[in-house]
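Chemist: give me the fold of what follows.
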Amino acid sequence: MFDVKIVNGLLVRGDGAEGRPGEIGIRQGRIAAISASVAGAAQRTIDAGGHMVTPGFIDLHTHCVPGVNENYLQSGVTTVVGGNCGFSPLDIQKVAADCAGKCGLNLAMLVGHNDVRTKVMGNVNRAPTASELQQMCGLIDRAMQDGAAGFSTGLTYVPGNYSQTAEVAELAGAAARHGGYYTSHMRDEGEGLLDSIRETVAIGRASGLPVHLSHLKVRGCNIWGRSRGVVELLDQYRAQGLDVTQDQYPYTASCGRIYLLYPAWAQEGGPADRLARLADAKQRAQLKKYLIAYLTDIHAGDGERVVISDAPDAALAGRSLADIAQAAGRKNQPDDLAETVMDIAARFPELTQVYCVFHGMCEEDVKTIMRHPTTAVGSDAWAPRASEARPHPRMFGTFPRVLGHYAREQQVFPMAEAVRRMTGLPARRLGLKDRGLLQEGAWADITVFDPATVIDRATFDHPKQYPAGFDCVLVNGQVVVDHGTYTGALPGGFMTRP
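Modeler: Numbers count the residues shown, from 1 in each chain. Below you'll find the model as predicted:
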């Protein structure tokens, strides 16, 4: 007797091969049988109706914490990796404990450089002492021993931005003693993108860790079209035998704290330090000059390209920088927009109080990076907060958008290849042998969807919408989404590094 049996499905294994008709029998959370016809009764039989039956999707790039994370489940995602961009809990044992009986999906966790550095040094712009470096290595060593999947950095953020390459390589070396991989939100995704890729790969080489580039993009209206050079550089590294992969979300806009508009020097210290800089005429003028150049280069001087998604003041959330400037009697031009940014920063001097959606990429660059065979699908999202008036639609639509819009409609690659980018490829990066492929003995993380109708519904104007086309989603053999309805099951848990 099987617990669950899936019949009348088109089984897509997760390795890029086209699907074949078949059936799956599930027992005790794992795939017990898989073939053209599986004999035996089941407590529940799911008729897939000829739709695709695939491994559950694996998202390598999230900021998820223990919880239901229903926006992921509704998109067919059964495993997520948190702790990206250098931000993570440092007590991995506590994360594991918090997952017990509380997770809708499987959660792996990276150990993040920014939180490690903040714990030991605070938010200061200097190199660590030998003692501080040793303490940071100790925190990473402990986290890896407790099962962290790897080491992440966010070198565009502070305090990570204050570190030199040698420091990061030393810390990555502490992680490398346990395995895993090195992943980075690189130092610069604009003019310095190629140099940032080189730095990331150099850290991997020095530490001995495989390298994974976070949310790879060409950011900035002033450098659109440079994705060709990016993929050529990646191909050069792979030709040298280096293990380099990347993830990407399928949108032309990013999302992050408003302080990403700021230079690193203006973010050092605490709220009082940032307010003091704004009150100092010389430093304010220096900051304004930087903001004008940044807004001009990255966003073509258009405040409509920056939209506040989350703020303590509900009157700001969902409005563009241009709209906020014009409400204050200013114009939608870089000079006035810079003043508006500084006004918002003065109201909310904590680094993580205000988040924005930044429209700074082009469609052709997105497609060029997407086509590369080592590009996995990753949302760079989290379970949205109630205060987020207009969160980035990637929170609700990343995976169905790749399947429906890019694979089916744009024909960037076949549907089975899109599935590989969501299953077999990320599973290999994580070193998983019992997830990411439909095979006997694997955990029964399974997604059933209609390839003819699967699509994202979330838009930038109306992002809080679940996708269409998903029939059922199973995590560890339990049905968590049944034709658009979350069942209330919590079968997920903490997933330690293999």
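Chemist: rest of the way, CA atoms for contacts and neighbours
Modeler: OK.
Chemist: just the CA trace of the longest strand seen in the chain, in CSV.
Modeler: In the chain, taking DSSP state E as the definition, the longest strand is strand 2-11. What follows is strand 2-11 as a C-alpha-only set of coordinates in CSV (Å, rounded to 0.1, in the frame of the first residue of the first chain):
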residue,chain,number,x,y,z
PHE,A,2,1.3,3.4,-1.0
ASP,A,3,0.6,6.5,0.9
VAL,A,4,0.2,8.5,-2.3
LYS,A,5,0.1,7.4,-6.0
ILE,A,6,0.4,9.8,-8.9
VAL,A,7,-1.0,8.4,-12.2
ASN,A,8,-1.6,9.7,-15.7
GLY,A,9,1.4,12.0,-15.5
LEU,A,10,4.1,13.2,-17.9
LEU,A,11,7.2,12.5,-15.8
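Chemist: so which elements touch that strand?
Modeler: On a contact count with 3 or more Cα pairs under 8 Å, 6 or more residues apart in numbering; DSSP states H and E, strand 2-11 meets strand 20-27, strand 42-47, strand 52-55.
Chemist: so which residues of the stretch 51-200 of the chain form strands?
Modeler: Assignment of strands within the stretch 51-200 of the chain using DSSP state E, counting those that start in this stretch yields the ranges 52-55, 57-59, 77-82, 106-109, 111-112, 150-154, 181-185.
Chemist: need the residues that contact the first one.
Modeler: Under the criterion Cα atoms under 8 Å, 6 or more residues apart in numbering, residues 9-14, 19, 419, 423, 435-438, 444-451 lie in contact with strand 52-55.
Chemist: what subset of these is buried?
Modeler: Applying a neighbour-count criterion of 16 or more other Cα atoms under 10 Å, the buried members of the contacts of strand 52-55 are 9-14, 19, 419, 423, 435-438, 444-451.
Chemist: among the residues you listed, which are located in helices?
Modeler: In helices, defined here by DSSP state H, the members of the buried ones among the contacts of strand 52-55 are residue 419.
Chemist: out of the buried ones among the contacts of strand 52-55, name the ones that lie in strands.
Modeler: Mapping these onto strands (DSSP E) picks out 9-11, 446-449.
Chemist: residue contacts, residue 135?
Modeler: With the criterion set at Cα under 8 Å, 6+ apart, residue 135 makes contact with residue 120.
Chemist: separation between it and residue 146?
Modeler: From residue 135 across to residue 146, the span is 17 Å (Cα to Cα, to the nearest Å).
Chemist: same deal with residue 14?
Modeler: Between residue 14 and residue 146 the distance is 29 Å, computed by Cα to Cα.
Chemist: same thing with residue 36?
Modeler: 41 Å.
Chemist: can you check residue 378 too?
Modeler: 24 Å.
Chemist: thought residue 467 was touching residue 459?
Modeler: No: in this structure, residue 467 is not within contact of residue 459 by Cα atoms under 8 Å, at 10.8 Å.
Chemist: secondary structure class for residue 287?
Modeler: Classification of residue 287 by DSSP: H, G, I helix; E, B strand; the rest coil places it in helix.
Chemist: my read is that it contacts residue 265, right?
Modeler: No: in this structure residue 287 lies outside contact range of residue 265 using Cα under 8 Å: 9.4 Å.
Chemist: which one of the two is surrounded by more residues?
Modeler: Legend: neighbour count by other Cα atoms under 10 Å for residue 287 and residue 265, higher for residue 287 (20 against 14).
Chemist: in contact with that one, which residues are there?
Modeler: By Cα under 8 Å, 6+ apart, residue 287 lies in contact with 262-263, 266.
Chemist: low-confidence ranges, the stretch 101-250 of the chain, go.
Modeler: Within the stretch 101-250 of the chain, no stretch has pLDDT under 70.
Chemist: where do the helices sit along it?
Modeler: Here the stretch 101-250 of the chain has its helices, by DSSP state H, counting those that start in this stretch, at 113-121, 130-145, 165-176, 193-207, 227-239.
Chemist: including mean neighbour count, could the strands of the stretch 51-200 of the chain go into CSV?
Modeler: Converted to CSV, the strands of the stretch 51-200 of the chain look like this (neighbours: other Cα atoms under 10 Å):
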stretch, mean neighbour count
strand 52-55, 30
strand 57-59, 30
strand 77-82, 27
strand 106-109, 28
strand 111-112, 30
strand 150-154, 29
strand 181-185, 27
